[in-house]
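Q: Predicted structure and sequence below. I'll ask about it afterward.
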Amino acid sequence: MEASVAASAEIHGLLKTPLDLASLVDAVPIGLAVLDRDRQVVLLNRALEALTGFDRDEVRGVPCRDVLRSNFCPQSCPALEASDSGQAAVREGNIINRDRRRIPIRLTSLPLRNAAGERAGFLETVEDLSGRMRPAEGLGPDLGLDRMIGRSTQMEELFHMLPVIAQTDSSVLITGETGTGKDMLAEAIHRISARAREPFIKVNCGALPETLLESELFGHKKGTFTGAVADKPGRLRLAHGGSLYLTEIGDLPLPLQVKLLTFLDDRVVYPLGDTRGYAADVRIIAATNHHLEEMVREGRFRADLLFRLNVVRLHLPPLRERGGDAALLLSHFLARYAARFKKKIRGFSDEARARLLAYAYPGNVRELRNIVEYAVNVCQEDEVGVGHLPAYLSEAEAGRDAPASAAIGSRLLARPETDMDTAGPVKWSDIEKRLIVNALIRSGGRKKDAAELLGWGRSTLWRKMKHYGLDA
Amino acid sequence: MADKVLITIRDEVVAPRFDLATEVLIATLGPDGEVLEKKTMVLPHASPEDLCHQILVEEVQTVICGGIEEEFLQYLTWKKRAVLDSVMGPWQRALDRYRQGDLQAGAILYERAGVA
């Protein structure tokens, strides 16, 4: 079978009428790939599309090592072993999928032969082992859950209720400021749920324009619009059996809010341009750092969708409200980055620790992590001192907030803006809005340069400009 | 201004994984995309941390690679490096497309029957 004809491949002689191969492999709940003799992709089933994040039509004819991206492919290709021995070859390892997640897997490669007994290709099965792994990063259960760390009362309460919530299929709404760990919490819920062996698919509702987002979420039928050269199942269908994580749900355009609401009501996906509906058993986990109730009052978010998503609501407290967690996280990230950068750093000096603990962390855990990473990079001694910390920390001592990343501090606060030195307490949102305006002024309105100046991706800048009404 | 680009390579193609790359190509490009200098380096072992360090030490501005974990992409982005990831195919074609300003993350550069 040639790659170019795989889309319409049929199996003859098995039943009275020819069987469509793609439909057959899609019915299998674990990842399946059909490769040709040269180990190039001929067909992926839906489960493997969900696991790898690649569309079957897009990667047809591409060597499987580029699509699977497993850690064992370069050294010991299972298909080659299967070809030599004529037997199934099994490997356990991990892959890095298109969403840049490392996923533990078990791969079995089987040689395929044609009717004449000649080698025709390979069939590979790929099982997601995430649900079977203990992913804690060397931390005892008393310090956290999954990859999350915390000893504060709020976090302990969260860790306590999480296993119970994970076992239900109710929609979950995660709220919390930026950098508090909403993505990590969503993944933790999935990993300790009964759906752990099924796909966990993340969609950023703020990163794509409305039309692309609709196609990404709900899929489309071939020929629906220019460029729709093949049917696309959409992320909701790919997440069948697992969880769909909708981050930045507050940025979901109103027409798509209606469509999502309809899905939550009847659990049927209607791809663009398709009159047929497809049932999908998907748990929805949504997250936002917006105040959705306020958005409902302003008419920017549908109340009925909020009620549907708000079945279980989990709030991640900002780091400044997490008591002694900052000290715990400082030690944790220091150990992690010292090991990563192969530095023998035993701790923080008293002064550095005091400054770090006194800081408000408007960017929360992400900011703390970035600061420690910066300090470990800079530090050439056996102790992190004040001089190793980003300069903006000392500027923030007078009770002012600072930007959410060390990178922003080094680039933007290196030249203090007089209009930012407002007397009295200021809100982080006001500072962030001014940082954006200043960056846009400095870059002459070029968003790409402004995003670079701020240390953000272009989509983050676009989302935040939209949030602050700067996109007009 | 010269642009320094690093491509993680394996044999003749872009290495499928950033963390497993043991060879890199570093090219310095002139203002019109011409190659001013090109060198390949064999790394002592595969380590994403060491590779990130190498990227900073070499003052590379753009990284072209295959699959990369979010953590390392975020780190490089934080360090102001542009990353074009999920690039599949011959590294020479990736470099040529980059020089022409025509390379995007996720580009599939293999020649395939029936695919433009």
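A: Thanks, I have the structure now. Numbering: from 1, shown residues only, chains lettered A, B, ... in the order given.
Q: Just give the closest residue to the residue of the stretch 151-300 of chain A found nearest chain B, not the sequence neighbours.
A: Across the stretch 151-300 of chain A, the shortest distance to chain B (C-beta to the nearest C-beta) belongs to residue A:183, at 9.3 Å. The way it works is simple: take the backbone N, C-alpha and C, and place the C-beta from them, glycine included. Nearest residue to residue A:183 in three dimensions, chain neighbours excluded: residue A:247, at 6.5 Å (C-beta to C-beta, 6 or more residues apart in numbering or on different chains).
Q: For the one you found, list the residues it contacts.
A: Residue A:247 sits next to A:182, A:183, A:186, A:202, A:203, A:204, A:205, A:206, A:286, A:287, A:288 when contact means C-beta atoms under 8 Å, 6 or more residues apart in numbering or on different chains.
Q: now with 7 Å?
A: Residues in contact with residue A:247 (C-beta atoms under 7 Å, 6 or more residues apart in numbering or on different chains) are A:182, A:183, A:202, A:204, A:205, A:287.
Q: likewise residue A:334?
A: Per C-beta under 7 Å, 6+ apart, neighbours of residue A:334: A:345, A:347, A:372, A:376.
Q: so which of the residues you listed comes closest to chain B?
A: Out of the contacts of residue A:334, the member with the shortest distance to chain B (by C-beta to the nearest C-beta) is residue A:376, at 11.4 Å.
Q: my read is that closest one is in a helix, agree?
A: Yes. Under DSSP: H, G, I helix; E, B strand; the rest coil, residue A:376 falls within a helix.
Q: which residues touch it?
A: Taking C-beta under 7 Å, 6+ apart as the criterion, residue A:376 is in contact with A:334, A:337, A:338, A:341, A:343, A:345.
Q: Please repeat the previous calculation with a cut-off of 10 Å.
A: Shown in contact with residue A:376 (C-beta atoms under 10 Å, 6 or more residues apart in numbering or on different chains): A:333-341, A:343, A:345, A:384, A:388.
Q: same deal with residue A:124?
A: Contact analysis of residue A:124 by C-beta under 10 Å, 6+ apart lists A:31-35, A:39, A:41, A:44, A:48, A:64, A:68, A:78-79, A:82, A:88-89, A:107-110.
Q: Do you know the pLDDT at residue 81?
A: Reading this off chain A. Among the per-residue scores, residue A:81 shows a pLDDT of 88.
Q: Sorry, I should have been clearer: chain B.
A: The model's pLDDT for residue B:81 equals 94.
Q: Spatially, what comes nearest to it if we skip its sequence neighbours?
A: In space, not counting the residues next to it along the chain, residue B:81 is nearest to residue B:63; the distance is 5.7 Å by C-beta to C-beta, 6+ apart.
Q: Need phi/psi at that neighbour.
A: Main-chain dihedrals, residue B:63, degrees, to the nearest 10: phi -110, psi 130.
Q: Tell me the bridge partners for it.
A: Residue B:63 has these beta-bridge partners by DSSP bridges: residue B:6, residue B:83.
Q: doesn't residue A:257 make contact with residue A:286?
A: No. Using C-beta atoms under 10 Å, residue A:286 is not in contact with residue A:257; the gap is 11.1 Å.
Q: re earlier: could you give the bridge partners of the residue nearest to residue A:183?
A: Beta-bridge partners of residue A:247, as defined by DSSP bridges: residue A:204.
Q: can you tell me how far it sits from residue A:370?
A: Noted for residue A:247: a distance of 19 Å to residue A:370, by C-beta to C-beta, to the nearest Å.
Q: Verify the stated contact: residue A:103 with residue A:187.
A: No. At 11.1 Å, residue A:103 and residue A:187 do not qualify as touching, with contact defined as C-beta under 10 Å.
Q: Confirm the residue of the stretch 151-300 of chain A closest to chain B sits in a strand?
A: No. Using three-state DSSP, the assignment for residue A:183 is helix, not a strand.
Q: quick one, what contacts it?
A: Residue A:183 neighbours (C-beta under 10 Å, 6+ apart): A:174, A:202, A:204, A:245, A:247, A:287, B:70.
Q: Which positions within stretch B:103-116 qualify as buried?
A: B:103, B:107, B:108, B:109, B:110, B:112 (16 or more other C-beta atoms under 10 Å in any protein chain shown).
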